[in-house]
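Chemist: Got a predicted structure plus its sequence, pasted below:
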Amino acid sequence: MKIRNIKGFFFDLDGTLIDSNLNFSDLREELGITEEQDILEYVESIEDIIQKKYALDRIHDFEFQGAQKSQLISGVSELINFLNLHKIPFGVLTRNSRFCSDLMIKKHQIQIDQLITREDARAKPDPQGLHILRDRFGLASHECIYVGDYIYDLDSAMNAGMIPVLYETGSNQQFRKQASFSITCYKDFLKELESTLSEGIR
């Protein structure tokens, strides 16, 4: 795990820090979207106002239900507390809505001050959201990592010039080749951070 020269730690939300157990295949089937199509891009392309509103409402309901039943991934609270305590640049970029993101954050009582949602920037894999986070801290792209569980996250990191890191869930190993390294346990990752900080080479 190579984190010695990293100054900015950015993360995806759902599936990476919080697990809402969303089944996107069910949503795609309901909306008539193929597995190859990006859900948000598809909805944006809908010209019929009524059909578009229906799709947006279904996405909101889908995310809202997931947020209500979501669970905090093991080790995340300790990791976030450490980053905040030591004033290490930390932020979250998600394709979720602001409403559902805030709901999950409040439910699990975690402190995330820098949050970029799909209302704030173009959706991943567009790098705009990561550029916003980077600029808020005055960092260079190569000094930052972006951790996520899906190919859009890794592509977004690469498009932003950041280090792509995969949070492995047990069912996404096919994305390892696109990542610089993987995180399988946040407690182990935190130990590495603590060791690096104690050496004074962050």
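Modeler: Looks like it came in fine.
Chemist: Domains in this structure, by residue range?
Modeler: Using automatic domain parsing, the domain ranges for the chain come out as 8-20+71-198, 24-69.
Chemist: Highest mean neighbour count out of the ones you listed?
Modeler: Comparing these by mean neighbour count (mean count of other C-beta atoms under 10 Å), domain 8-20+71-198 comes out on top with a mean of 18. Heads up, the C-betas are built off the backbone N, CA and C, glycines and all.
Chemist: Just put the domains of the chain in a markdown table and tack on mean pLDDT.
Modeler: As requested, the domains of the chain are exported to a markdown table (pLDDT from 0 to 100):
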| stretch | mean pLDDT |
| --- | --- |
| domain 8-20+71-198 | 96 |
| domain 24-69 | 90 |
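Chemist: For the helix or strand residue 77 falls within, name the packing helices and strands.
Modeler: Assigned by DSSP states H and E, residue 77 belongs to helix 76-85. Judged by 3 or more C-beta pairs under 8 Å, 6 or more residues apart in numbering; DSSP states H and E, the packing partners of helix 76-85 are strand 90-93, helix 186-198.
Chemist: can you redo the ones you listed as CSV with distance to residue 33?
Modeler: Shown next, in CSV, are these (distance: least, C-beta to C-beta, whole Å):
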stretch, distance to residue 33
strand 90-93, 23
helix 186-198, 32
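Chemist: what's the closest of those to residue 161?
Modeler: strand 90-93 (14.4 Å; C-beta to C-beta).
Chemist: what's the longest helix in the chain?
Modeler: Ranked by residue count, the top helix of the chain under DSSP state H comes out as helix 49-69.
Chemist: Remind me what that helix packs against, helices and strands.
Modeler: Applying 3+ C-beta pairs under 8 Å, 6+ apart, one finds that helix 49-69 contacts helix 24-31, helix 39-45, helix 98-107.
Chemist: swap the cut-off to 10 Å and go again
Modeler: Applying 3 or more C-beta pairs under 10 Å, 6 or more residues apart in numbering; DSSP states H and E, we find helix 49-69 packed against strand 18-19, helix 24-31, helix 39-45, helix 98-107.
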